[in-house]
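>>> could you look at this predicted model? Sequence included:
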Amino acid sequence: MAAPGAAPVRVERVLDTAADLLVRWGYQRVTIDEIARRAGIGKGTVYLHFRTKEELFLMVLLRTHHRVAAAMVDRMLADPAEVLPARMVRSLFLDIAADPVTRPLYLGDPEVLGRLAHEAAETLAGLGERRDAVLREHLGLLREAGLLHTDRTVDEQHYLLSAIGSGFYFVDGMGLPYAPADVHGRAALLEHALAAALHAPDPPAGPSAALARQVADRYRSLIGHIDDEWRARVR
């Protein structure tokens, strides 16, 4: 079976349908029967590829993480400035805001995932640990290049990035009357906050293409881990 980025059309159709129903109905309510009916295939065909409902929806989550990471890598290689945390998270914020399906799946919305979050905890926890390790390497490379403050530890910068980014996602769904109405305005404020917290005020130069390739390679390793999990489960 191919990796998430190159799955057969039939499998992609099943995953698209499952993702849409998961977001609209929640994990508990969605059945394999309904997925098969809406995808226009037989239930037995779904089980040819996915052994259980849990495995099907775990693949939905893995595919979402694959797509988000792959898009991030593509942006870094196209524009080295995308390796800067403020730029990277701004672009990610805009991507997720534009896709009502990706947002709850990537952010692990408990209202949508329900019991699935618990059932997939081991796999998703492993993915989260690898993502954290890659981000720490990413921050280390930027510190060595003089692009980030060094008066804080990598742990502290990791925490700052996570706390500020998560805070913006949290309040974005609250409909605050004083928040910028335009998502690009909110993304710009997120970029500003992270740049002030993390970026060196007078870097020697912007990120080079070589640095961007180094950082992108770290995230490619994360994608490889996602693809390994995929191949171990999908038939």
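Happy to help now that I have it.

>>> how about Ala179, what does it touch?
If you count contacts by C-beta atoms under 8 Å, 6 or more residues apart in numbering, Ala179 has them with Val171, Asp172, Arg186. C-beta coordinates here come from the backbone N, C-alpha and C atoms, glycine included.

>>> leaving out sequence neighbours, find the closest residue to the second one.
Right, Asp172. Spatial nearest neighbour of Asp172, chain neighbours left out: Arg186 (6.4 Å); criterion: C-beta to C-beta, 6 or more residues apart in numbering.

>>> of the contacts of Ala179, which is the most crowded?
Most neighbours among the contacts of Ala179, by other C-beta atoms under 10 Å: Arg186, with 20 neighbours.

>>> am I right that it falls within a helix?
Yes - counting by DSSP: H, G, I helix; E, B strand; the rest coil, Arg186 falls inside a helix.

>>> hmm, it is touching Tyr169, no?
No - between Arg186 and Tyr169 there is no contact under C-beta atoms under 8 Å: 10.2 Å.

>>> overlap in contacts of the two?
Phe93.

>>> what's in contact with the helix or strand of the chain with the lowest mean pLDDT?
Every helix and strand of the chain was ranked by mean pLDDT, DSSP states H and E. The lowest is helix 115-119, at a mean of 82. Applying C-beta under 8 Å, 6+ apart, the external contacts of helix 115-119 come out as Tyr27, Gln28, Glu54, Phe57, Leu58, Leu61, Gly108, Pro110, Leu124.

>>> need the max-distance pair from these.
Gln28 and Leu124 (18.0 Å; C-beta to C-beta).
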